[in-house]
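Engineer: Provide a 3D model corresponding to the input given below.
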Amino acid sequence: MRCTQGGVRRTRSQIVIVAALVGTVCFTLTGFSHAVAADDGGDDGFVIASDAGADTDDIDRDTHQTWRESAQEARRVDFVDVEQIPVPPPPSGEGYDMSPAPDHTLKPINPPAHGGPASGGCASGQCAVGGYADGGCADGGCADGGCDSCAADFDGYGCASCGACGPCPCGPPGRFWVRGEYLLWWTKGMDTPPLVTTSPLGTDRADAGVLGEPDTHVLFGGNSLFKEERSGGRIRFGMWLDCCNTCGIEGEYFGLEDANERFLGSSQGGVPILARPFFNPLIGAEDAELVGFPDVIEGDVGVEAESSLNSAGVRWRCNLCCSERECAPPCHMPNCNLCYVPSGTIRLDFLLGYRFMRLDESILIFEDLNAFPIDTQFELFDSFDTETEFHGVELGFIYEYHRCRWSLELLAKIALGNNHQEVTIDGGTRITAGGISDTFQGGLLAQRTNIGHFERDKFGVIPEIGVTLGYRVNDCLKLTFGYSFIYWSKVVRPGEQIDPVVNPNLLPPEVVPFSGPLRPAFAFNDSDYWAQGLSWGLELRW
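Structural biologist: Numbers count the residues shown, from 1 in each chain. Purely as a prediction, here's the structure:
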């Protein structure tokens, strides 16, 4: 029974499927015949039985013709010109912009030349105000050279490039600059003869303080003075005369703090033994003037030495060569508009100008003595002052290398000119006995034979070399650290003008009649001088 019912179900399902297929075929043939009839327009199209005209009595010809004309009318296409197509106006309103949003991640395949856009100028004739960061010209306008297009090509990093100045100034930006530096320098020491000596108690009076004696010790002099480090300052300032930063003027001044060396020796009751040595030509041997010796004399002796160095100059600065630069973000540093190639920018300048330098030095030796057993006082001094002043022409070169924020500066120059040398020697003695004072010319090392003012001119040279490392904090501010060395020929120094040979007959009051050589005597003695040291500073450009 189950099998019979199952067979009946399968038979009914098959009948339904067959009926559906027959219906589908009929529907398809009907649609196809309508399409053929609609496409029958003459000689072209499909050839069917209705085109032969064999048996058309059963067709309503009027109705068929009307349908065909409607179909052909629907298929007709008319062509028109583009100008005849109406175009709606663009939307208006403030703030509406149809330009695509900028995409700073895109880079040009072939960027335009560094001198600006291909057209050689700005489309609108104006540049963006704001200088480098805005990719336009710093003054907000364009000259014949046009605006720099580098800002648009390299993420807003551009250069101020209006007029014939080129895309970028040669070297760091800014037309004006000033650099202030702290100096920590050393100078060549000054040699002097031994000026103050001592001997142990018990030394014979004839040998006390005399050079060459085994127990004599030098307290001051006989070595170099001013050998310690000295602080100072230097300022350099200048401006470019053209917007290309190729020609400019620069000024400079530096000075070191005054160096001072002092000595003061005191002998109370003649203890300790103090003396001032000299060479006695009358006996042809070393001798000494006593400052303190037991039961003979007591008193004080002092020495003061000073040195001052300063210099100034002004020079013309002209660029000889400068490496090619590209407008590109300098090492991908944000908010940095320096127009340097990542591999470095090189600049070499020629310097020509005027140089001034002055060295003032002095030595003062003074005594305040009281002799025994008579109440007699002696006050005396010896003074030696020297000044060397240089005026000359200066020429040289300065080399700069810039890489991103770092820079290296090498300086080499030489000044040729005149050294004006001046030496002033003076001395005096005042002797007070019984309340009466007498003043005499001459002390010990300064006598009438060498006292006076002397001057002359000699040719001199001042070469200078320097190296400076810089780190640029921003476009305007740079930190610097450097080293400088200056050499100066033919300078006069007071310690070298002292003649240690003294005729005792000249000591106040002078022996009459006088006899013996006229010593001490004066003669110009010059030597070389140098100064060197480190510097730390700040440089400002705008």
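Engineer: Where does pLDDT dip in this protein?
Structural biologist: 1-169, 324-343 (pLDDT under 70).
Engineer: Tell me the helices and strands packed up against the helix or strand where A275 lies.
Structural biologist: Assigned by DSSP states H and E, A275 belongs to strand 273-280. Here strand 273-280 touches strand 194-199, strand 247-267, strand 285-292, going by 3 or more CB pairs under 8 Å, 6 or more residues apart in numbering; DSSP states H and E. To be clear about C-beta, it is placed using only N, CA and C from the backbone, and glycine gets the same treatment.
Engineer: Let me have these in TSV, adding distance to A446 and mean neighbour count as columns.
Structural biologist: Formatted as TSV, the helices and strands packed on strand 273-280 follow (distance: least, CB to CB, whole Å; neighbours: other CB atoms under 10 Å):
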stretch	distance to A446	mean neighbour count
strand 194-199	13	23
strand 247-267	18	16
strand 285-292	13	21
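Engineer: So for T345, which of these sits nearest?
Structural biologist: strand 247-267 (17.1 Å; CB to CB).
Engineer: quick one: the closest one to strand 194-199, angle?
Structural biologist: If you take axes from the mean of the first three to the mean of the last three CA atoms, to 10 degrees, strand 247-267 sits at 30 degrees to strand 194-199.
Engineer: So which residues of the protein form helices?
Structural biologist: 2-39, 49-52, 61-75, 150-153 (DSSP state H).
Engineer: Show me how this protein divides into domains.
Structural biologist: The chain breaks down into these domains under automatic domain parsing: 114-166, 176-541.
Engineer: start to end distance for the longest one?
Structural biologist: Here the two ends of domain 176-541 are set 6 Å apart, with distance taken as CA to CA, to the nearest Å.
Engineer: got the contact list for E229?
Structural biologist: The contact partners of E229, by CB atoms under 8 Å, 6 or more residues apart in numbering, come to L184, W185, W186, G533.
Engineer: how far away is A275 from A288?
Structural biologist: 4 Å (CB to CB, to the nearest Å).
Engineer: And for R175?
Structural biologist: 66 Å.
Engineer: just A521 next, same as before
Structural biologist: 20 Å.
Engineer: One more: S323?
Structural biologist: Applying CB to CB to S323 and A288 gives a distance of 68 Å.
Engineer: swap in T203?
Structural biologist: For T203 relative to A288 (CB to CB), the value is 11 Å.
Engineer: Now do the contacts for L538.
Structural biologist: R179, G180, L477, K478, L479, T480.
Engineer: Residues in a beta bridge with it, which ones?
Structural biologist: Beta-bridge pairing for L538 (DSSP bridges): G180, L479.
Engineer: Use 641 as the first number for this chain going forward.
Structural biologist: Right, with 641 as the first residue, what we last looked at is L1178.
Engineer: How much space separates it from F860?
Structural biologist: 41 Å.
Engineer: and if you look at W825?
Structural biologist: 24 Å.
Engineer: Could you pull up the contacting residues of the closest residue to N920 other than its chain neighbours?
Structural biologist: Nearest residue to N920 in three dimensions, chain neighbours excluded: D927, at 3.8 Å (CB to CB, 6 or more residues apart in numbering). Residues near D927 by CB under 8 Å, 6+ apart: V850, P917, F918, F919, N920, P1144.
Engineer: What's the ChimeraX line that selects buried ones from the contacts of L1178?
Structural biologist: The buried subset of the contacts of L1178, as determined by 16 or more other CB atoms under 10 Å, is captured in ChimeraX by this line:
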select :819,1118,1120
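Engineer: can you list the contacts of L1178 in TSV and add distance to V1151?
Structural biologist: Formatted as TSV, those follow (distance: CB to CB, whole Å):
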residue	distance to V1151
R819	62
G820	60
L1117	71
K1118	69
L1119	67
T1120	63
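Engineer: now, which of the contacts of L1178 sits nearest G1100?
Structural biologist: G1100 lies nearest to R819 out of these, by CB to CB, at 26.9 Å.
Engineer: That closest one and W1176 touch, don't they?
Structural biologist: No: counting by CB atoms under 8 Å, W1176 is not a contact partner of R819; they are 11.1 Å apart.
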